[in-house]
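Visitor: Kindly return the folded structure for what I paste below:
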Amino acid sequence: MRINKLISVLTFILLFGMSGYSQVLQKDTTYHVIPYSFIVKYDTSRYEALLTIKKSYSIEDRIIFERIFESEIIDIKPYKPSKDEREYILIDTYTGGAHCCISVLIGYFENDKFKISDDIYLGNTWYHLEDFNKDGRDEIVTNNDMFAYAFTNYAETRFPLLVYTIEDGAAKDITKIFRNRVLEIIDEFKGELEDYRNFECPKTADEGTFNTDAGSVKTILAAIAASYHSIGETEKGFDLINKFYKCPDKDEFVKGLKDYEYFKIKF
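Guide: Predicted coordinates:
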């Protein structure tokens, strides 16, 4: 089952594919994280959102933060990670467009001041909070969208699992510690490859493979390679590519994958 891919695609269809979505979303909104109020006001002519944060006192509300964002603010919620006793605020932003782009801003309060310390760029995907390691604290669970439109259309693109937490104000990729979950998703991807066991290759390396069976095979293999890389087993992914992908552009395909910055990160 292509669960992780379907979640990403269906989320965008539901949230961002509806006609008139931007007009519906761009309403002044107030979020409450006691004792703070997050007030969002939109300037639709400039496609900007003004975020004002106030702390409630017995006499009056005092503004402690104010900033204009060139994006829509979708949601604001508290988040407390596993290894950090500080409570953070997640600010979900959306730049607009058919898919792209989503970012999660990470902020926290200190001495009655609000600081945005980092952000997580999600691009074409969404996220949810889930207690993956059953320690009573949620992780930030999403998918890696780096192959969106790289080898085939968006609907056919595969999205490897990506799990974050926050430590000392910074987002940290902790996908590696959920090795069994990653291996389950790799098995799903491998199952999909069986549908393409006899796929047709282009006759020459110069022929394009976008929106062809070869392109679909590429996006599955790329997701498998990235998934293995996320748990420190990179060579297993490239070994599978060498065994399964027999098209004339294989060398170019492999070189292109290894040129991704992601594959240069050691986990």
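Visitor: Do a quick rundown of the helices in the stretch 1-150 of the chain.
Guide: Along the stretch 1-150 of the chain, the stretches classed as helices by DSSP state H, counting those that start in this stretch are 3-16, 21-25.
Visitor: mean pLDDT lowest for which of those?
Guide: Among the helices of the stretch 1-150 of the chain, helix 21-25 carries the lowest mean pLDDT, at a mean of 45.
Visitor: In space, not sequence, find me the middle residue of this structure.
Guide: Nearest residue to the geometric centre of the chain (Cα atoms, centre = their mean): L122, 3.2 Å.
Visitor: Roughly how far does that one sit from T234?
Guide: 23 Å (Cβ to Cβ, to the nearest Å). The way it works is simple: take the backbone N, C-alpha and C, and place the C-beta from them, glycine included.
Visitor: And for E130?
Guide: 26 Å.
Visitor: Mind giving me the packing neighbours of the strand ranked longest in the chain?
Guide: Using DSSP state E to define each element, the chain has its longest strand at strand 113-123. When contacts are defined as 3 or more Cβ pairs under 8 Å, 6 or more residues apart in numbering; DSSP states H and E, strand 113-123 packs onto strand 61-69, strand 102-110, strand 139-143, strand 170-173.
Visitor: With mean neighbour count and distance to D84 as added columns, please give those in JSON lines.
Guide: What follows is those, written out as JSON lines (neighbours: other Cβ atoms under 10 Å; distance: least, Cβ to Cβ, whole Å):
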{"stretch": "strand 61-69", "mean neighbour count": "13", "distance to D84": "21"}
{"stretch": "strand 102-110", "mean neighbour count": "19", "distance to D84": "9"}
{"stretch": "strand 139-143", "mean neighbour count": "24", "distance to D84": "12"}
{"stretch": "strand 170-173", "mean neighbour count": "15", "distance to D84": "10"}
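Visitor: So which of those is nearest K203?
Guide: Smallest distance to K203 across these (Cβ to Cβ): 33.9 Å, for strand 139-143.
Visitor: Buried residues in the helix or strand following the closest one, which are they?
Guide: The element immediately downstream of strand 139-143 (helix or strand, assigned by DSSP states H and E) is strand 161-167. Of all the residues in strand 161-167, those buried under the rule 16 or more other Cβ atoms under 10 Å are 161-166.
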